[in-house]
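> build me a model from this:
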Amino acid sequence: MMERQSKNLRTSLPTLIAAVLMLLTGCATILEGPRQTIRLHCEPSDGLKVIVDGKETEFVNGDIHLDKKRVTHFVTFEKERYYPSTISFNREINPFWVVADLIWGPAVPIAWIVDWQTGSFYRIDPRDLHIALRQQD
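Numbers count the residues shown, from 1 in each chain. Just a heads-up that it's a prediction; the model follows:
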């Protein structure tokens, strides 16, 4: 009998842990997370230097990853013999996640707090951008 109780405990423990984790996180944190991928297309793209919030970053396949907790991001594109171009990206509340957390049920206060604290409640716009650098004379 003791062996059966031990087996039931081992089987139900992962389920219990999963349920607790779901109650302690918000919808947006689970499904999107605190960072957002922004798709950027820049012409010309070869030899391009991309600076995000003052730090040079790797620019792979036209994607950059921005932290949604920050209110505004500045992204600068630089290339030799071209004028630099700086774009600002602003966050805004994503109403979808507000509604989803309201529907979440008894964990609503916890879900709201987690989503606000992680920045997952927000989205960053624009999400897709095309930039053409102007050549210097």
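> dump the residue contacts of residue 86.
Going by C-beta atoms under 8 Å, 6 or more residues apart in numbering, residue 86 touches 74-77. Where you see a C-beta, it was placed from the backbone N, CA and C, and this is true even at glycine.
> same thing but 6 Å
Counting by C-beta atoms under 6 Å, 6 or more residues apart in numbering, residue 86 makes contact with 74, 76.
> what's the pLDDT at it?
Residue 86 carries a pLDDT value of 95.
> where does this structure dip in pLDDT?
For the chain, the stretches with pLDDT under 70 are 1-11, 13, 16-27, 60-61, 104-108.
> just want the most central residue of it.
Of all residues in the chain, the one closest to the mean position by C-alpha atoms, centre = their mean is residue 35, 1.8 Å from it.
> ok, it touching residue 65?
Yes: look at residue 35 against residue 65 with C-beta atoms under 6 Å: they come within range, at 5.1 Å.
> CA atoms only: put stretch 115-131 into CSV for me.
Extracted in CSV, the C-alpha atoms of stretch 115-131 (Å, rounded to 0.1, in the frame of the first residue of the first chain):
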residue,chain,number,x,y,z
ASP,A,115,2.7,40.4,-16.9
TRP,A,116,3.2,44.1,-15.9
GLN,A,117,6.5,43.3,-14.1
THR,A,118,8.0,41.3,-17.0
GLY,A,119,6.8,43.8,-19.6
SER,A,120,4.9,41.0,-21.4
PHE,A,121,1.7,43.2,-21.3
TYR,A,122,3.2,45.4,-24.0
ARG,A,123,3.9,45.3,-27.7
ILE,A,124,6.5,47.3,-29.5
ASP,A,125,5.6,49.2,-32.7
PRO,A,126,6.5,49.3,-35.5
ARG,A,127,7.0,45.5,-35.7
ASP,A,128,8.3,45.5,-39.3
LEU,A,129,10.3,48.3,-40.8
HIS,A,130,12.1,49.0,-44.1
ILE,A,131,14.9,51.6,-44.0
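> where exactly do the strands run in this protein?
In the chain, the segments counted as strands under DSSP state E are 35-43, 49-52, 55-57, 63-67, 72-78, 85-93, 122-125, 128-132.
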